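Participant: I'd like to go over a predicted model; first the sequence, then the structure.
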Amino acid sequence: MKRGDAQGFLMDVRRFRPLVTVLLTVLVMLPSYVEMLTRGLSATTVLQRLVEALAIASVLVWVVSAVLVHYAKVQSASSVDDGETGQFQR
């Protein structure tokens, strides 16, 4: 992986991290929204679940993206050490 490719990847990860967090939270919360509309689940319960889901999704997305960023940095550093061939080394 070339250094420029790694920088672009890092910028994309940082840019899309909040969007992925919100989308994951909405997907997790869909059953609660349906239950609120059809069975009369209280709004405070849905809000409590929303806060919990957002916190958990944030932690999961940030951990996964940190692993991806670390792996990209390692690959970028190894390609610089190997003469910037642009190929992954095993």
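Facilitator: Okay, I see it. Numbers count the residues shown, from 1 in each chain.
Participant: was I right about K2 contacting S76?
Facilitator: Yes: using Cβ atoms under 8 Å, K2 is in contact with S76, at 7.3 Å. Bear in mind the C-beta positions are built from the backbone N, C-alpha and C, glycine included.
Participant: OK, contacts around the residue positioned nearest the centre of the chain?
Facilitator: Geometric centre of the chain, nearest residue: V61, 3.4 Å, by Cα atoms, centre = their mean. V61 makes contact with 17, 20-21, 24 under the criterion Cβ atoms under 8 Å, 6 or more residues apart in numbering.
Participant: nearest to V69 among the residues you listed?
Facilitator: Of all the contacts of V61, V69 sits closest to R17, with 9.9 Å by Cβ to Cβ.
Participant: who touches the closest one in this structure?
Facilitator: R17 touches 61-62, 65, counting by Cβ under 8 Å, 6+ apart.
Participant: just for the chain, where's the confidence low?
Facilitator: Scanning the chain for pLDDT under 70 picks out 1, 3, 79-90.
Participant: from the chain's centroid, how far away is the longest helix belonging to it?
Facilitator: Using DSSP state H, we find that the single longest helix of the chain is helix 43-81. On the basis of Cα atoms, centre = their mean, to the nearest Å, helix 43-81 sits 4 Å off its chain's mean C-alpha point.
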